[in-house]
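Engineer: No letters, just coordinates:
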């Protein structure tokens with residue numbers, strides 16, 4: 001009977017707490033949004049499953065969870081903690097940037113370089129939220145890590161928090177990926193508020209054709225300039241540009257396909273699952289986590305607002321007007337934000353195709369958020 005009672009005490013049912021139930025329900029919601037609503041399924045599904053797995057209760061001392069690195073007084077890493085090490089050490093985000101670079105076509109930005117300004121303007125959300133986080137009591141390192149959520153770039157948010165505020169990696173990563181998934185929900189109301197019907201109908205000329213030489217030189221020039229401006233951005237920008245050079249060189253197709261498919265998929269699965277598993281109720285359900293989610297939403301909304309605002313300001317000085325909606329794509333959610341802009345514009349003119357033009361500030365935002373992260377690393381590391 002003593003053995004039977006001990007078995008019962010070791011079950012998850014006996015160790016279940018209200019917080020675990022709440023988080024498991026949240027995991028089901030994430031999976032529902034991924035499968036039924038198709039909101040970033042490649043991210044939300046493994047994250048949601050990770051949330052469920054990370055909140056299955058177990059007896060203290062068992063090396064199971066992502067935070068379990070010591071058992072019975074001896075160093076013993078759990079399997080999940082080893083996977084989570086790829087997150088907290090900053091290994092997975094640069095590898096994901098390598099894959100993103102191998103999949104991304106920078107032609108739209110090369111053909112319309114003034115779009116860099118829109119991507120830069122959208123980064124205002126990062127710095128304004130950084131100041132707001134300082135005001136409510138976060139440290140410089142924590143505030144910088146929270147502010148970067150406004151870039152709507154999950155890998156960048158994870159990388160920066162792993163370097164400056166590793167204790168906040170879990171909630172910051174969940175917030176960043178949640179807002180990336182909710183781009184189609186968050187951005188349209190702001191776009192509607194900031195633009196008129198006439199502005200939404202503005203048609204832009206097709207961009208010029210970009211030569212292969214330009215495509216090859218672009219990642220090389222970007223990595224040099226970005227790393228000279230903010231050396232801390234070298235890890236992310238360097239891997240992004242390497243992936244793009246593999247794609248555009250024309251002589252490393254096999255490497256580009258591996259980086260953009262197998263490697264990217266593997267890292268995405270492991271990172272998303274580990275991030276979800278890090279949301280153990282005892283670590284995640286805190287006032288601090290709620291504050292991070294609130295600040296992250298503000299950061300993302302402010303970034304969208306400034307991207308749209310700067311596009312409208314640019315039109316005051318441009319003879320050939322741009323559709324200000326593309327300013328909303330200045331956040332780094334590639335390519336979802338560009339798609340949202342495209343579909344929103346087609347609600348007012350079904351023949352207005354903005355996807356390619358919106359990709360210019362979109363990829364600019366990826367580079368801009370990585371540079372912003374590099375600035376913070378240089379100042380606070």
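Structural biologist: Right, received. Where do you want to start? Only a predicted model underlies this, so the values are computations on that prediction, with no experimental measurement involved.

Engineer: which ones are touching residue 8?
Structural biologist: By C-beta atoms under 8 Å, 6 or more residues apart in numbering, residue 8 lies in contact with residue 14. No exception for glycine: its C-beta is placed from N, CA and C like everyone else's.

Engineer: How much space separates it from residue 2?
Structural biologist: 11 Å (C-beta to C-beta, to the nearest Å).

Engineer: now do residue 51
Structural biologist: According to C-beta to C-beta, residue 51 and residue 2 sit 35 Å apart.

Engineer: quick one, which of these two is more surrounded?
Structural biologist: Between residue 51 and residue 2, counted using other C-beta atoms under 10 Å, the more crowded position is residue 51 (28 against 6).

Engineer: and the more buried one, what helix or strand is that in?
Structural biologist: Per DSSP states H and E: residue 51 is located in helix 41-54.

Engineer: List of residues touching that helix?
Structural biologist: With C-beta under 8 Å, 6+ apart as the criterion, helix 41-54 contacts 23-24, 26-31, 33-35, 65-66, 80, 154, 174, 177, 180-181, 268-269, 272-280.

Engineer: Flag every buried residue along that helix.
Structural biologist: Using 16 or more other C-beta atoms under 10 Å as the test for burial, helix 41-54 gives 41, 43-54.

Engineer: now stretch 105-124
Structural biologist: Buried positions in stretch 105-124, judged by neighbour count with 16+ other C-beta under 10 Å: 105-112, 115-124.

Engineer: give me the low-pLDDT residue ranges for this protein?
Structural biologist: For the chain, the stretches flagged by pLDDT under 70 are 70-76, 152.

Engineer: Spell out the residue ranges of the strands in it.
Structural biologist: 70-71, 74-75 (DSSP state E).

Engineer: What is the neighbour count of the residue nearest to residue 259 when sequence neighbours are not counted?
Structural biologist: Among residues not flanking residue 259 along the chain, residue 102 sits closest, at 4.1 Å (C-beta to C-beta, 6 or more residues apart in numbering). Residue 102: 26 surrounding residues under other C-beta under 10 Å.

Engineer: What's the separation between residue 102 and residue 222?
Structural biologist: Distance, residue 102 to residue 222, by C-beta to C-beta: 15 Å.

Engineer: And the helices in the stretch 1-150 of the chain?
Structural biologist: Secondary structure of the stretch 1-150 of the chain (DSSP state H, counting those that start in this stretch): helices at 2-10, 12-15, 18-35, 41-54, 79-88, 92-103, 107-111, 116-122, 124-135, 140-147.

Engineer: Pretty sure residue 288 sits against residue 171.
Structural biologist: Yes - the pair residue 288 / residue 171 is scored as a contact, 7.4 Å apart, by C-beta atoms under 8 Å.

Engineer: if you count what's nearby, which of those two comes out ahead?
Structural biologist: Set residue 288 next to residue 171 and count neighbours by other C-beta under 10 Å: residue 171 wins out with 26 against 13.

Engineer: Please list all residues in contact with the more buried one.
Structural biologist: Neighbouring residues of residue 171 by C-beta under 8 Å, 6+ apart: 279, 284, 288-289, 292-293.

Engineer: Narrow those to just the buried residues.
Structural biologist: Buried members of those, scored by 16+ other C-beta under 10 Å, are 279, 284, 289, 292-293.

Engineer: Adding distance to residue 260, write those out as a markdown table.
Structural biologist: Formatted as a markdown table, those follow (distance: C-beta to C-beta, whole Å):
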| residue | distance to residue 260 |
| --- | --- |
| 279 | 29 |
| 284 | 32 |
| 289 | 33 |
| 292 | 31 |
| 293 | 31 |
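
Engineer: and of these, the nearest to residue 163?
Structural biologist: Proximity of the buried ones among the contacts of residue 171 to residue 163 (C-beta to C-beta) peaks at residue 292, which lies at 16.8 Å.

Engineer: Distance check, the closest one against residue 299.
Structural biologist: Taken as C-beta to C-beta, the span from residue 292 to residue 299 is 10 Å.

Engineer: Of the contacts of helix 41-54, grab the buried ones for ChimeraX.
Structural biologist: In ChimeraX, this line selects whichever of the contacts of helix 41-54 come out buried by 16+ other C-beta under 10 Å:
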select :23,24,26,27,30,31,33,34,65,66,80,154,174,177,180,181,268,269,272,273,274,275,276,277,278,279,280
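
Engineer: Which residues are in contact with the residue nearest to residue 370 when sequence neighbours are not counted?
Structural biologist: Once flanking residues are discounted, residue 370 sits nearest to residue 236: 4.2 Å by C-beta to C-beta, 6+ apart. Contact analysis of residue 236 by C-beta under 8 Å, 6+ apart lists 93-94, 97, 155-156, 159, 370, 373-374.
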